[in-house]
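# Just to be clear, the model below is a prediction. Sequence and coordinates:
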Amino acid sequence: MHTAAKLGLYAAGAAAVFAVALTAAPLIIPADASAAWTSNEDEHMDTTDAGHGGHGAAAASASPADDVRGLSVSHSGYTLTSLSAPGEAGEQGELAFRITDAAGDPLTDYETSHEKDLHLIVVRADGANFRHVHPRHDGDGGWSIPFAFDAAGTYRVFADFVPSEHGETVTLTSTVDVAGGFAPAPITADRAITTVDGLTVEVEGELVSGAESELTFTVTRDGEPVTTLEPYLGAYGHLVALRQGDLAYLHVHPMGEPGDGETEPGPEIAFMATAPTAGRYLLYLDLQLDGQVRTVPFVLTASAGSTDAAGDHAHDGGESHDAPAEEGTDTHGDTDSHGEGH
Ligand SMILES: [Cu+2]
């Protein structure tokens, strides 16, 4: 790839990711790429600002390891509190919690992000039973959704939202213990091809520690490319990446969006992603086809890679580069149980 093209892609991709997905996190700049950032700062800032307001200034000093969210019950003055959920596997109940501000008052004003005021991820600590749902706001800082856990274990709950007064994404986390016979499902190998409900999805690309890289998912059914993906919360795909171990939360978004004149409804969905550190990541791709949302899981290991080589991992694979878009929902195809709150 020519240097100029590489820098341009890097800047555009970075802006896209940060504008929509990582707004609360400091920008990451691989040391070797600092010069590139500097020279592209203007366009980068413009695109970023279009998303959520400037935070590029803090970027230069950030280290990749800082680029994690979803590790704390309280952040930026906001706190996830009063979490309650069904206590036993299979028990139908309600998952509820409150969000408070720095003064301890209910947080009532949210900025819509990816078509929702709050996104909720629920996943077991070992990465199993991922769910992405949208609870209902009671207007006074309380959020709830009918919920049942399929299996026992300790679950992490992530609330992802943009306080209006804050203007940047906040991701808070807490845990829920669910009683029952516990069958651990440790993930011990990478997984680049997954079949769910007859859909086979393969991911190409690599995660590289501290650098942006492009991940391209190709969707087929019965060996044929799927070109009829449906917009879901404004995009053709939605990707959540969690670091194995602490489940640090990396929320990435596709390049391109429906209706931009360039992005096709499959078979490829491309994302820009930055792994904060080397190691294994659990990826969950939400996509909608035939009116049904499905979650397709993957496992990738981020290499420690030099930042120089990292740029080359941003394949200029061709199709859908551009502004990002939306959010997804759901998990194992059982959309019926948690389609509420939309
Ligand atoms: Cu969501």
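Nice, I can see it.
# which non-adjacent residue is nearest the residue of the stretch 51-200 of the chain found nearest the ion?
Nearest residue of the stretch 51-200 of the chain to the ion (CB to the ion) works out as residue 119 at 3.0 Å. The way it works is simple: take the backbone N, C-alpha and C, and place the C-beta from them, glycine included. Nearest residue to residue 119, sequence neighbours excluded (CB to CB, 6 or more residues apart in numbering): residue 160, at 4.3 Å.
# mind listing what that neighbour touches?
70, 113, 118, 119, 120, 121, 169, 170, 171, 249, 251 (CB atoms under 8 Å, 6 or more residues apart in numbering).
# hmm, back to that, the residue of the stretch 51-200 of the chain closest to the ion and residue 239: what is the separation?
Distance, residue 119 to residue 239, using CB to CB, to the nearest Å: 13 Å.
# likewise residue 174?
Distance, residue 174 to residue 239, by CB to CB: 23 Å.
# Please identify which of the two sits among more neighbours.
residue 239 (26 against 19; other CB atoms under 10 Å).
# and the strand or helix carrying that one, average pLDDT?
Assigned by DSSP states H and E, residue 239 belongs to strand 238-243. The average pLDDT within strand 238-243 is 94.
# which strands and helices sit next to it?
With contacts taken as 3 or more CB pairs under 8 Å, 6 or more residues apart in numbering; DSSP states H and E, strand 238-243 sits against strand 249-252, strand 268-274, strand 279-289.
# again, only this time at 6 Å
In terms of contacts (3 or more CB pairs under 6 Å, 6 or more residues apart in numbering; DSSP states H and E), strand 238-243 is packed against strand 249-252, strand 279-289.
# Strand 279-289 and that strand, what's the angle between them?
Angle, strand 238-243 to strand 279-289, by axes from the mean of the first three to the mean of the last three CA atoms, to 10 degrees: 160 degrees.
# Report the contact partners of residue 273.
215, 252 (CB atoms under 6 Å, 6 or more residues apart in numbering).
# what about it, distance to residue 283?
Distance, residue 273 to residue 283, using CB to CB: 8 Å.
# and the gap between the closest residue to residue 161 other than its chain neighbours and residue 112?
Residue nearest to residue 161 in three dimensions, not counting chain neighbours: residue 118, with 4.2 Å by CB to CB, 6+ apart. According to CB to CB, residue 118 and residue 112 sit 10 Å apart.
# So between the two, which is more surrounded?
Counted by other CB under 10 Å, residue 118 and residue 112 do not tie: residue 118 has more neighbours, with 21 against 11.
# For residue 193, see how far away that one is.
According to CB to CB, residue 118 stands 32 Å off from residue 193.
# Also residue 275?
20 Å.
# just checking, what packs against the host helix or strand of residue 123?
Here residue 123 sits within strand 118-124, counting by DSSP H and E. Packing partners of strand 118-124 (3+ CB pairs under 6 Å, 6+ apart): strand 131-133, strand 153-163.
# contacts for that strand?
Residues from elsewhere that reach strand 118-124 (CB under 6 Å, 6+ apart): 130-133, 135, 153, 155-161, 327.
# Now with 8 Å, please.
Applying CB under 8 Å, 6+ apart, the contact partners of strand 118-124 are 95, 99, 110, 113, 129-135, 137, 143, 145, 147, 151, 153-161, 176, 185, 240, 242, 247, 249, 284, 327, 329.
# again, but for stretch 136-146
82, 92-100, 105-108, 110, 117-118, 120, 133-135, 159, 337-338, 340-341.
# Which PyMOL command selects the buried ones in those residues?
In PyMOL, the members of the contacts of stretch 136-146 classed as buried (16 or more other CB atoms under 10 Å) are selected with the following command:
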select buried, resi 95+96+97+98+99+100+107+110+117+118+120+133+134+135+159+337+338+341
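# Filter the contacts of stretch 136-146 down to the ones in strands?
Members of the contacts of stretch 136-146 lying in strands (criterion: DSSP state E): 82, 93-100, 110, 118, 120, 133, 159.
# TSV for those residues, including pLDDT?
Below are these laid out as TSV (pLDDT from 0 to 100):
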residue	pLDDT
82	98
93	98
94	98
95	98
96	98
97	98
98	98
99	98
100	98
110	98
118	97
120	97
133	96
159	97
